[in-house]
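In: output the structure for:
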Amino acid sequence: METAAIPYRVADFLKKHPPFNAMEEGDLLDFARRGRVKFFEANEYIVLQGEPYRLHIFVIQQGTITLWDEAGTYAELRDVRGVGDFIGIEQFNASRSYAYSARSSSEVVLYTFPATDFEAIVLKYPYARQYVSAHSNVSVDYRPIEERREPQKLFLHDIVAGKRLAAIEDTVSIGAAAQYMLETGTDAIAILDSQNRPRTVVTVNAFLKWVEKGGGDAEKPIANIVDGQPLTMPSNASLTEGVLAMSASDTETIAITADGTPSSRLQAIVTARDLAPVFGDQPIAILGDIRRAANVRDLRDLNQRARLFTLRYLTSAVSFDWLARFTSLVDAGILKRLVALIEAEALPACWCFCGPAGRTESVTRVTPWPLMILEDNHDATLTLSVQQRMLDALGECGYLPNVESPFEPRFYAATVSEWKSRFVTWVRDPILQQMYRARPLFDLRAVDGRQSLWQAVATTVRENVTREFLYVLANDCLASLPPLTFFQDAVVDESGEHSAVFRLEHSALRPLVDVGRVFGLAAGKALGTSTVERFVMAGALLPERASVFREASDTLRVVLWQQGRIGISQNSDGAELPPALLSRHDRQILKSGFRSILQLLELTANPQWLDAL
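Out: Below you'll find the model as predicted:
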């Protein structure tokens, strides 16, 4: 049944759904005039699997349509689509024919539009192109329509463009250098050698430290208060790379040089003050205040500041990478400061994180579970009170309880020999020793203290991993499967069952992390690495399947982004959430990610990849 469309009614419907909500009114009305209406009764085929795309696309105005893979002996449900969804949109992503048959599950009303008009009128909008691309590919660049310029898209050199370079030769006196800073109002000056290479960058704090140490003859060359080489970066370094480098180095300045090394010509100086116009709150200031916090209450406030800062800039999956590194520095900084506040600095131990914090993938306020590796000559039982004080202090710092911890708190403090023995036991007999409980411990990362102890454990793990162990772990990855799709405000699994809760942690994040861990262990570098780093190693091990791991990395970023933004805003761990919190575009990107996860699991479960190593 086909009738002429009523343009205004059609336009009013379309503008409620993406990507039409991003269009100008005139374009939307013009496009709506090109439409027609089709009606289908329940259980009718709309398109058939494998047939070439018609020269139209369909938008569901009413009813439900199911997509079926009918290539095998039995038809398998692949997707469920409802009001506002498309049929045939994949043709704009280089697909030549319908991947699945589409059948009406109820009475269905479709708006049908010429594909050429959709391409000319709708796809001229960048947001629309992003939305359409998400139907076939995992997109990490998606941002809401109200896009703002993101820090990871800015360059350090842009921040100080036009700023006068404050620099003096290393033969200038201390007094003259101080006078120069007063006259110019600058907070940092570069000290150059005879070839205009930066020896260091001197700040007001450097002068204060010189005075604190007794000062001296102000007529001596400024080189006398030079303390080590400066932090240098190239001019094409991003703003976020600079911020993280400054934070990790605990410095106030960056010297931008021609090639990013101290041996090349100086081009500019970036200071913490230069970053103030970019950020509402400064990540460098937050991390500096954590290092100087006087008590647990101050750390709690700083933890809250850090998470609010993270939420503000967690605008896309692309932003997750640098913000995860930032929150990792925050968590590590809080733990280091607590070690001092609870007077545990004298312990002969290496403090570590495991699980998400160990993989630098935790941006919510879930407790980054602390673990201690102690020297062999130290009685681990004497540290139990320290371990408990640390857990209590982390709770007072505003962290949420870690309900996923598989062992009692006392288990997480042991000597290096005990830890090595445990890992050897798990690797040699993963089934009887219930290695699945210990999987987060294979994400172990050193944070503070004697890192040689962590290195000894990492070496033991690397030397004992066997093909049989990898095979067991690879099979275990199949314990968590992604859902099939989203329909309205429900999650649909492969059997067609509906659930009101999206188990993000269990069904999307866990299979990605588990597979990444398998390949990290296969590459001999599991401990101390992130899942993305493990996927990069997997691509190097199996170059012919590198595209699978690249798409898995993008899917991981999307999942972690959703967990982070929803977890922080809802003051939760983000492990479970109602689909209503996800926009239609978010759901479409995740649906593409589900397909990527299944492809990754199929590759991992096939033991042939082990033969290729």
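In: what residues sit buried inside stretch 252-264?
Out: For stretch 252-264, burial by neighbour count (16 or more other CB atoms under 10 Å) applies to Glu252, Thr253, Ile254, Ala255, Ile256, Thr257, Pro262, Ser264. All C-beta spots, glycine's among them, are computed from the backbone N, C-alpha and C.
In: got the phi and psi for the second one?
Out: I take that to be Thr253. Per-residue torsions, Thr253: phi -140, psi 160 (degrees, to the nearest 10).
In: residue contacts, it?
Out: Applying CB atoms under 8 Å, 6 or more residues apart in numbering, we find Thr253 in contact with Ala188, Val201, Thr203, Pro230, Leu231, Met246, Ile269, Val270, Thr271, Ala272.
In: and with 10 Å instead?
Out: For Thr253, the residues meeting the contact criterion (CB atoms under 10 Å, 6 or more residues apart in numbering) are 187-190, 198, 200-203, 230-231, 246, 269-274.
In: do the same with the third one
Out: Listed by CB under 10 Å, 6+ apart, the contact set of Ile254 reads 156, 159-160, 188, 201, 230-233, 237, 241-243, 245-246, 268-272, 274.
In: pLDDT score for it?
Out: Listed pLDDT for Ile254 reads 87.
In: can you name the element that comes right after the strand or helix carrying it?
Out: Ile254 is located in strand 253-257, with elements delineated by DSSP states H and E. Stepping forward along the backbone from strand 253-257, the first helix or strand reached (DSSP H and E) is strand 266-271.
In: can you give me the helices for the stretch 201-350 of the chain?
Out: Along the stretch 201-350 of the chain, the stretches classed as helices by DSSP state H, counting those that start in this stretch are 204-212, 239-249, 283-292, 296-313, 317-341.
In: and the third one, what other elements does it pack with?
Out: Identification of packing neighbours for helix 283-292 by 3 or more CB pairs under 10 Å, 6 or more residues apart in numbering; DSSP states H and E yields helix 239-249, helix 296-313, helix 317-341.
In: which parts of that helix are buried?
Out: Neighbour-count burial for helix 283-292, counted by 16+ other CB under 10 Å, picks out Pro283, Ile284, Ala285, Ile286, Leu287, Gly288, Asp289, Ile290.
In: and stretch 333-344, by the same measure?
Out: Using 16+ other CB under 10 Å as the burial criterion, the residues of stretch 333-344 that qualify are Gly333, Ile334, Leu335, Lys336, Arg337, Leu338, Val339, Leu341, Ile342, Ala344.
In: and if you look at stretch 212-231?
Out: Per 16+ other CB under 10 Å, stretch 212-231 contains these buried residues: Pro221, Ile222, Ala223, Ile225, Val226, Pro230, Leu231.
In: now swap in stretch 448-459 and tell me
Out: Buried positions in stretch 448-459, judged by neighbour count with 16+ other CB under 10 Å: Asp448, Gly449, Arg450, Gln451, Leu453, Trp454, Gln455, Ala456, Val457, Ala458.
In: check stretch 61-72 too.
Out: Using 16+ other CB under 10 Å as the burial criterion, the residues of stretch 61-72 that qualify are Gln61, Gly63, Thr64, Ile65, Thr66, Leu67, Trp68.
In: show me those that map onto strands.
Out: Those of those mapping onto strands are Gln61, Ile65, Thr66, Leu67, Trp68, per DSSP state E.
In: so which residues of the stretch 401-550 of the chain form strands?
Out: With DSSP state E, counting those that start in this stretch as the definition, the stretch 401-550 of the chain shows strands at residue ranges 413-415, 445-449, 485-487, 490-492, 498-499.
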